[in-house]
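> using only what follows, build the 3D model:
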Amino acid sequence: VKTLYKDLLVLAAKSGQSVYENELNKLSNLKSVRASNQNHVMIQEIFRTHWPAFKELYVHKLRPSIIDNVERMIDCKDLSKGHLFYECPSCDQYLLTGLSCHSRFCASCGHKYRDQRSIEIQKKLLKVPHRHFVFSIPFDLRPLFWKCRELFDCLFHSVNQALHFAINPSKADRLRDYRLGFIAFLHTSGRALNPHPHIHVLLAEQVIDLKGHQKHLYFFPFERLRKAFMFIFLRNANHILKANASKNLYREFNILRTKIIKQYKDGFYTYGPKVKEYSRFYNSKKIADYIARYASHPPIAESNILSLNEENGLVTWRYTPHEDKENPVTVVEHAFKFIAKLIRHIHDKGFHQLRYYGFYANKSNRIKGKPKLLLSSSIQHLKSKLKWRTMLLNAFRFDVLLCPCGSKMVLNLDLSYL
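Predicted coordinates:
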């Protein structure tokens with residue numbers, strides 16, 4: 001292998017400094033080379049090793065969407081499952097590139113999906129200040145979401161209803177049908193991979209009526225919003241569990257509801273600080289990136305998976321608690337337990353973690369013709385950076401299709417395996 005690398009670099013050096021540097025970066029970033037240099041373990045490696053035994057043991061508990069997403073992720077970029085064949089028109093060099101799995105559970109494919117989602121969000125945003133809200137559920141209620149998954153939809157509806165109720169428009173505003181505009185995204189895990197369903201909301205500090213007239217929102221009544229969110233969610237959850245859950249689960253919820261109403265007299269946790277004036281538009285873009293992030297990859301960054309012991313199957317990983325960011329916590333547990341913590345956050349097929357409400361809804365035409373946060377030319381520029389070749393160039397500083405001889409490789413579909 002070293003001889004092959006040396007021959008490729010010698011060939012590239014004959015074609016000029018830029019081609020040599022491109023080939024050097026390409027060889028340095030091969031998957032096998034990066035795997036030997038990096039100090040963390042890939043999620044794909046853990047699942048390839050332990051998924052077959054885990055699936056055989058728990059197949060009766062696995063939802064179809066879990067099996068589909070995990071097995072697609074395991075086969076991602078596997079040349080035996082399909083590949084594209086690129087060949088150089090000037091010499092005998094060629095390139096095989098595996099096909100992407102397009103699974104949201106894949107750490108590799110998720111990066112592009114995240115950027116696509118972020119661009120779609122930014123494309124919608126008006127050029128007005130936006131505020132980032134977080135709506136969270138108490139600890140006692142969180143396990144119920146995995147026993148009755150309809151509660152995830154319930155959480156979205158409750159946030160929508162609570163926001164509209166808390167704003168409390170005047171009689172004149174109701175006659176003009178002023179509407180909020182916001183984008184809501186569901187996160188289901190905490191940093192410790194614990195069940196933690198909560199909603200992030202990017203809300204425009206504007207309301208728009210039927211004729212397109214805009215009105216600024218100067219005040220958000222947080223006390224009213226917290227209490228409204230709590231009582232609306234508990235009411236909606238009661239209807240959902242009564243219709244879909246077992247009698248035991250419904251009884252469990254009613255006991256918890258009585259306890260929670262007494263315990264949370266100020267309502268559920270709701271957070272939405274005002275963004276500083278000088279950074280309000282920058283923050284809208286930054287928040288769009290943040291809320292799109294967890295729609296596209298497993299709930300842990302691979303840099304936080306420290307090791308996998310092949311002999312006893314123990315995975316070592318870490319997380320940084322919110323309350324003590326200076327002291328990361330290290331966890332050592334069996335791969336089966338680690339896998340179970342990850343896959344429970346895979347949603348069913350067709351479930352939307354990202355939803356648009358009010359004048360940002362797709363069916364609304366109230367923002368038509370109004371100034372947007374990003375110009376159409378900026379959107380097109382961002383989309384152009386999502387091409388496979390461009391993303392590799394930006395991330396690893398090499399052109400994947402530049403041959404060591406200096407020519408550009410071309411796709412040969414006849415020799416590809418689809």
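> convert stretch 160-170 to PDB, retaining C-alpha atoms only.
C-alpha atoms of stretch 160-170 as PDB (Å, rounded to 0.1, in the frame of the first residue of the first chain):
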ATOM      1  CA  ASN A 160     -48.900  25.800  18.800                       C
ATOM      2  CA  GLN A 161     -52.000  26.300  20.900                       C
ATOM      3  CA  ALA A 162     -50.100  27.700  23.900                       C
ATOM      4  CA  LEU A 163     -48.300  30.300  21.800                       C
ATOM      5  CA  HIS A 164     -51.500  31.500  20.200                       C
ATOM      6  CA  PHE A 165     -53.300  31.500  23.500                       C
ATOM      7  CA  ALA A 166     -50.600  33.400  25.400                       C
ATOM      8  CA  ILE A 167     -50.200  36.200  22.900                       C
ATOM      9  CA  ASN A 168     -53.900  37.000  23.600                       C
ATOM     10  CA  PRO A 169     -54.700  39.300  20.700                       C
ATOM     11  CA  SER A 170     -57.100  42.200  21.100                       C
END
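> report the buried residues of it.
160-163, 166-167, 169 (16 or more other C-beta atoms under 10 Å). (C-beta placed from N, C-alpha, C; glycine too.)
> just give me the closest of those to residue 132.
Nearest to residue 132 among those: residue 163, at 13.3 Å, using C-beta to C-beta.
> so the closest one sits right up against residue 199, yeah?
No - Residue 163 lies out of contact with residue 199 (C-beta atoms under 8 Å); the separation is 10.4 Å.
> common neighbours of the two, please.
residue 133 (C-beta atoms under 8 Å, 6 or more residues apart in numbering).
> spell out the secondary structure type for the residue lying closest to residue 137 once chain neighbours are set aside.
Leaving aside its sequence neighbours, residue 137 sits nearest to residue 197 (C-beta to C-beta, 6 or more residues apart in numbering; 5.4 Å). Three-state call for residue 197 (DSSP: H, G, I helix; E, B strand; the rest coil): strand.
> residues touching residue 64, list them.
residue 349.
> past the helix or strand containing residue 115, which element shows up next along the chain?
Assigned by DSSP states H and E, residue 115 belongs to helix 107-124. Toward the C-terminus, helix 107-124 is succeeded by strand 130-136 as the next helix or strand (DSSP H and E).
> by contact count, what packs against the helix or strand that that next one is followed by?
Per DSSP H and E, the first helix or strand lying C-terminal to strand 130-136 is helix 144-147. In terms of contacts (3 or more C-beta pairs under 8 Å, 6 or more residues apart in numbering; DSSP states H and E), helix 144-147 is packed against helix 150-167, strand 195-204, helix 247-263.
> out of those, which comes closest to residue 74?
It is, among the helices and strands packed on helix 144-147 and with distance given as C-beta to C-beta, strand 195-204, at 24.4 Å.
> who touches the helix or strand that the closest one is followed by?
Proceeding N to C from strand 195-204, the next assigned helix or strand is strand 206-208, under DSSP H and E. Residues from elsewhere that reach strand 206-208 (C-beta under 8 Å, 6+ apart): 126, 128, 167, 169, 173, 178-181, 214-217, 359, 366-367.
> Throw the buried residues of stretch 160-170 into a markdown table and include distance to residue 228 and pLDDT, thanks.
Output for these, formatted as a markdown table (distance: C-beta to C-beta, whole Å; pLDDT from 0 to 100):
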| residue | distance to residue 228 | pLDDT |
| --- | --- | --- |
| 160 | 11 | 95 |
| 161 | 8 | 95 |
| 162 | 4 | 95 |
| 163 | 8 | 93 |
| 166 | 5 | 87 |
| 167 | 10 | 82 |
| 169 | 14 | 74 |
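> closest to residue 247 among these?
Proximity of these to residue 247 (C-beta to C-beta) peaks at residue 161, which lies at 27.0 Å.
> in stretch 73-84, which residues are buried?
73-77, 83-84.
> equivalent analysis for stretch 339-350, please.
339, 341-347.
> are any of the contacts of strand 206-208 buried, and if so which?
126, 128, 167, 169, 178-181, 214, 217, 359, 366-367.
> which ones among the residues you listed map onto strands?
181, 214 (DSSP state E).
> any idea how many residues pack against residue 207?
22 (other C-beta atoms under 10 Å).
> beta partners for it?
Beta bridges link residue 207 to residue 215 when assigned by DSSP bridges.
> ok so, going back, and the angle for the helix holding residue 115 with strand 195-204?
Put simply, helix 107-124 runs at 30 degrees to strand 195-204, going by axes from the mean of the first three to the mean of the last three C-alpha atoms, to 10 degrees.
> what sits up against helix 107-124?
In contact with helix 107-124 (C-beta under 8 Å, 6+ apart) are residues 42-44, 76-77, 100-104, 183, 202, 284-285, 288-289, 291-293, 295-298, 302, 354, 356, 360, 367, 372-374, 379, 382-383, 385-386, 391.
> go ahead and confirm residue 94 touches residue 84.
No - if you go by C-beta under 8 Å, residue 94 and residue 84 don't touch, sitting 10.7 Å apart.
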